[in-house]
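>>> this one's sequence-less:
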């Protein structure tokens with residue numbers, strides 16, 4: 001038994017040696033290379049993990065630093081707000097300008113100046129007038145504004161009288177308080193928003209030397225009272241709704257004959273204060289009220305349309321028996337930077353003691369085209385704008401006949417030469433068809449400066 005056991009052990013030890021002897025050297029080397037490559041890959045993965053770990057630690061540190069800076073900034077802002085509140089509570093109100101430089105910084109002077117040469121049909125030509133119209137603006141704070149305009153004119157009286165006449169008038173003077181982004185209160189001698197010409201077309205902005213007939217004859221230019229005005233955006237395309245609502249003394253009676261309700265005594269300038277017998281009195285029992293509503297529609301840069309409707313009504317005679325009312329429809333169109341067209345239709349009506357109720361009407365339309373839009377690259381041509389206007393006036397009062405029988409139609413052609421954007425040389429010829437002997441064809445030249 002012992003011998004059998006020993007023989008089995010010898011055989012067991014010999015078998016593995018034979019199996020091991022069967023593995024070749026090439027296989028062993030291949031296995032060795034494989035193991036070595038696996039080791040290298042494991043080492044590379046370990047190094048990559050180390051780099052990622054370092055990057056993660058750096059990102060974590062940066063985030064912590066940013067969080068710390070944000071907390072510090074918030075604390076600084078909180079402290080600044082608290083200090084601002086404390087300062088505003090302790091600062092005396094109102095704060096007055098402390099030196100002359102501050103006052104001058106809040107003050108501006110704008111305006112325009114013109115002089116004219118005219119030749120009426122059947123008369124010699126002459127230098128007609130020189131006009132200087134400054135506008136003073138003062139800003140009294142974030143919400144308080146003051147503006148006043150004056151008109152100084154030296155006019156040739158020929159052919160009616162010899163020599164010259166100098167006039168100095170206060171055109172408007174108003175105090176504005178900006179209540180919010182959509183509303184401003186104004187009080188004083190206001191430019192009335194009956195249409196847009198009076199507010200936007202006076203002086204050098206007109207581009208034609210004289211005013212439309214209906215504007216001068218049918219509408220008051222200003223009035224003493226109070227006004228709310230502003231604008232509200234409509235949608236997101238730049239459209240806006242503009243409004244003005246006002247109360248003023250309104251037109252009055254000149255009352256030179258003791259019959260204040262006579263049709264010929266209507267005074268659009270608002271003659272309030274003195275009766276024909278010399279007694280100082282309030283000649284209006286109630287003021288006039290008016291409003292304008294306008295809608296502005298831009299299509300793209302330099303292309304827009306504005307439509308507006310306005311009106312005013314109130315007592316005009318001393319006794320308060322008769323009303324004066326006016327309605328105006330206005331429109332303005334821009335088609336690119338070179339073309340502009342605008343116009344107004346005006347209708348007025350008022351009652352009287354002697355001639356009953358009378359309606360008057362007039363309209364005007366004006367267009368201009370800047371020749372720079374032709375792209376001719378010619379200096380003189382590029383500085384020219386061609387102008388044209390048609391205006392009409394019906395049923396104007398004739399004091400000689402005590403009737404409303406004057407009718408006038410006028411055609412105007414002219415030009416504007418731009419020395420600069422604010423220095424203009426204007427010229428036009430007016431063809432007049434009228435039964436009013438005071439109206440005649442005329443040639444006018446005007447040099448205008450806006451400043």
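On my side now, so go ahead. Just so it is clear, the model here is predicted, and its values are computed rather than measured.
>>> Buried residues, stretch 378-398. List them.
Buried residues in stretch 378-398, defined by neighbour count with 16 or more other CB atoms under 10 Å: 383-385, 387-389, 391-397. Quick note: C-beta positions are derived from backbone N, CA and C, even for glycine.
>>> quick one: which of those residues is nearest residue 306?
Set against residue 306, the nearest of those by CB to CB is residue 389 (18.5 Å).
>>> Which other helices and strands does the helix or strand hosting that closest one contact?
Element membership of residue 389, judged by DSSP states H and E, is strand 384-398. In this structure, strand 384-398 packs against helix 213-218, strand 358-370, strand 403-418, with contacts taken as 3 or more CB pairs under 8 Å, 6 or more residues apart in numbering; DSSP states H and E.
>>> who wins for proximity to residue 335 among these?
Set against residue 335 and scored by CB to CB, these come closest in strand 358-370, at 9.6 Å.
>>> what distance separates the closest one from the centre of its chain?
On the basis of CA atoms, centre = their mean, to the nearest Å, strand 358-370 sits 23 Å off its chain's mean C-alpha point.
>>> Hey, what's the angle from that strand to strand 403-418? Just curious.
Computed with axes from the mean of the first three to the mean of the last three CA atoms, to 10 degrees, the direction of strand 358-370 lies at 10 degrees from that of strand 403-418.
>>> Strand 358-370 pairs with which strands, parallel or anti?
strand 339-350 (antiparallel), strand 384-398 (antiparallel) (DSSP bridges).
>>> Of all those strands, which one is nearest residue 127?
Of all the strands paired with strand 358-370, strand 384-398 sits nearest to residue 127, with 21.9 Å by CB to CB.
>>> Can you show me the helices along the chain?
Secondary structure of the chain by DSSP state H: the helices cover 2-21, 25-90, 100-105, 197-200, 213-218, 379-382.
>>> Mean pLDDT lowest where, among the ones you listed?
The minimum mean pLDDT among the helices of the chain belongs to helix 2-21 (a mean of 50).
>>> Show me the beta-bridge partners of residue 180.
Beta bridges link residue 180 to residue 183 when assigned by DSSP bridges.
>>> Next, find the distance separating it from residue 412.
Counting by CB to CB, to the nearest Å, the gap from residue 180 to residue 412 is 42 Å.
>>> Same drill for the two, tell me which one is more crowded.
A count of neighbours by other CB atoms under 10 Å puts residue 412 above the other of residue 180 and residue 412, at 22 against 8.
>>> Name the nearest residue to the more buried one, ignoring sequence neighbours.
Of all residues not flanking residue 412 in the chain, residue 389 sits nearest, at 4.3 Å (CB to CB, 6 or more residues apart in numbering).
>>> What's opposite that neighbour in the beta bridge?
Beta-bridge pairing for residue 389 (DSSP bridges): residue 366, residue 412.
>>> Just to check, residue 266 is in contact with residue 250?
No: between residue 266 and residue 250 there is no contact under CB atoms under 8 Å: 11.0 Å.
>>> hey, what's in contact with both of the two?
Each of 316, 324 lies in contact with both residue 266 and residue 250 under the rule CB atoms under 8 Å, 6 or more residues apart in numbering.
>>> what bits of the stretch 301-450 of the chain have low per-residue confidence?
Counting by pLDDT under 70, the stretch 301-450 of the chain shows low-confidence ranges at 397-403.
>>> show me the contacts for residue 345.
By CB under 8 Å, 6+ apart, the contact list for residue 345 reads 328, 329, 330, 361, 362, 363.
>>> Leaving out the residues flanking it, which one is nearest to the first one?
In this structure, residue 328 finds its nearest non-sequential neighbour in residue 195, 4.1 Å apart by CB to CB, 6+ apart.
>>> how many other residues sit next to that neighbour?
Neighbour tally, residue 195, other CB under 10 Å: 29.
>>> quick revisit: could you single out the nearest of the buried residues of stretch 378-398 to residue 114?
Residue 114 lies nearest to residue 387 out of the buried residues of stretch 378-398, by CB to CB, at 15.8 Å.
>>> Residue 410 contacts residue 436, doesn't it?
No: using CB under 8 Å as the test, residue 410 is too far from residue 436 to be in contact (10.8 Å).
>>> Could you check which of the two is surrounded by more residues?
Taking other CB under 10 Å, residue 410 and residue 436 do not tie; residue 410 has more neighbours (21 against 15).
>>> Let me see the contact set for the residue nearest to residue 310 when sequence neighbours are not counted.
Excluding the flanking residues, the one nearest residue 310 by CB to CB, 6+ apart is residue 292, at 3.5 Å. Shown in contact with residue 292 (CB under 8 Å, 6+ apart): 193, 194, 195, 242, 243, 244, 308, 309, 310, 311, 328.
>>> The last one contacts residue 294, doesn't it?
No: proximity of residue 328 to residue 294 does not meet the contact threshold set by CB under 8 Å, at 11.1 Å.
>>> Looking at these two, which has the bigger crowd around it?
The neighbour count for residue 328 versus residue 294, taken as other CB under 10 Å, is higher for residue 328 (26 against 20).
>>> okay, now residue 144: neighbour count?
The burial count for residue 144: 13, using other CB under 10 Å.
>>> How much space separates the residue lying closest to it once chain neighbours are set aside from residue 185?
Nearest non-adjacent residue to residue 144, counting by CB to CB, 6+ apart: residue 177, 6.0 Å away. Residue 177 is 5 Å from residue 185, where distance means CB to CB.
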